[in-house]
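> let's see this in three dimensions:
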Amino acid sequence: MTQSNFSRRTYQGESRRRFLSNAGYVTLSATAIALIGGRESLAASHSASRKADPAQDAAILNVALGLEHEAINAYQLGTESGLLQKPVLDVAVLFQGHHKEHRDALAGTVKKLGGTPVAAKTLSEYATDLKAGTLKNQSDILKLAARLERGAANAYLGVIPAFGDADLAQIAGRLAADETMHWTVLANALGQSVPKEALTFGV
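Residues are numbered from 1 along each chain as shown. Reported below is the predicted structural model:
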């Protein structure tokens, strides 16, 4: 998938979970998920016991990597805007660091699978894509970040049922937990009410 195709599909408002599912993310091999989680031995056992498609895995992971690039740059736009107050700015930098760790794990896995990690676009391109010019205050930035984080949580939760291996499900769950934690903190900063219904994520 080219970077331009990624941009067109992502910024037409399609959720991360739907986008990744349409791209075949639920068919990502156990080997790839184990590599993302740094479980080399688990990856080796799955690679030996079941047929994997490294090229397909690398292509799908590159879609997820592109979305992590998006999140990193969204936070960069926020930190450089001058609109974030000190406590919120510190949290934005922290969350950006988490996404950089996700980026590095995904990029490393793509390389291990023989692929080439998709490169990030320029900050100015992300500014255009994310309509940074419409962000007028701290609340606008937090709403953008919360929307991206919720989409990421749903994307990672969406792949968990595909795994019969509890270790693999746990890796996907840990990624989803990071994104859910981010959303929760951002929603609280926005003064949003706690969801009144249970099971609001992963749908």
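> just the C-alphas of stretch 110-124, formatted as PDB.
Output in PDB follows, covering the C-alpha atoms of stretch 110-124 (Å, rounded to 0.1, in the frame of the first residue of the first chain):
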ATOM      1  CA  VAL A 110       8.700  -5.200   9.500                       C
ATOM      2  CA  LYS A 111      12.500  -5.400   9.100                       C
ATOM      3  CA  LYS A 112      12.600  -8.800  10.700                       C
ATOM      4  CA  LEU A 113      10.000  -9.900   8.200                       C
ATOM      5  CA  GLY A 114      12.100  -8.700   5.300                       C
ATOM      6  CA  GLY A 115      10.100  -5.600   4.600                       C
ATOM      7  CA  THR A 116      10.900  -1.900   4.500                       C
ATOM      8  CA  PRO A 117       9.200   0.200   7.200                       C
ATOM      9  CA  VAL A 118       7.000   2.900   5.800                       C
ATOM     10  CA  ALA A 119       8.500   6.400   6.300                       C
ATOM     11  CA  ALA A 120       6.800   9.200   8.100                       C
ATOM     12  CA  LYS A 121       5.600  12.200   6.100                       C
ATOM     13  CA  THR A 122       6.800  15.700   7.000                       C
ATOM     14  CA  LEU A 123       5.200  17.500   9.900                       C
ATOM     15  CA  SER A 124       3.700  20.100   7.500                       C
END
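> buried set for it?
Across stretch 110-124, burial judged by 16 or more other C-beta atoms under 10 Å covers 110, 112-113, 115, 117-118, 120-121. Where you see a C-beta, it was placed from the backbone N, CA and C, and this is true even at glycine.
> separation between the nearest residue to G114 once chain neighbours are set aside and K136?
In space, and not counting its chain neighbours, G114 is closest to P54: 5.5 Å by C-beta to C-beta, 6 or more residues apart in numbering. As judged by C-beta to C-beta, to the nearest Å, P54 and K136 stand 45 Å apart.
> so for the two, which sits in the more crowded spot?
P54 (16 against 10; other C-beta atoms under 10 Å).
> that one touches K111, doesn't it?
No: assessed by C-beta atoms under 8 Å, P54 is found out of contact with K111, at 11.1 Å.
> test my guess that S81 contacts L144.
No: taking contacts as C-beta under 8 Å, S81 lies outside contact range of L144: 10.8 Å.
> tell me which of these two has more neighbours.
Each of S81 and L144 has its neighbours counted (other C-beta under 10 Å); L144 has more, 20 against 17.
> so what's that one up against?
The contact partners of L144, by C-beta atoms under 8 Å, 6 or more residues apart in numbering, come to 74, 78, 130, 135.
> ok, A132 next?
By C-beta under 8 Å, 6+ apart, A132 lies in contact with 77, 81, 126.
> check A187 too.
A146.
> for L157, see how far away it is.
Using C-beta to C-beta, A187 is found at 17 Å from L157.
> same question for H69.
Going from H69 to L157 by C-beta to C-beta gives 21 Å.
> neighbour count: these two, which is higher?
The neighbour count for H69 versus L157, taken as other C-beta under 10 Å, is higher for H69 (23 against 20).
> what sits closest to that one if chain neighbours are left out?
Residue nearest to H69 in three dimensions, not counting chain neighbours: A120, with 4.0 Å by C-beta to C-beta, 6+ apart.
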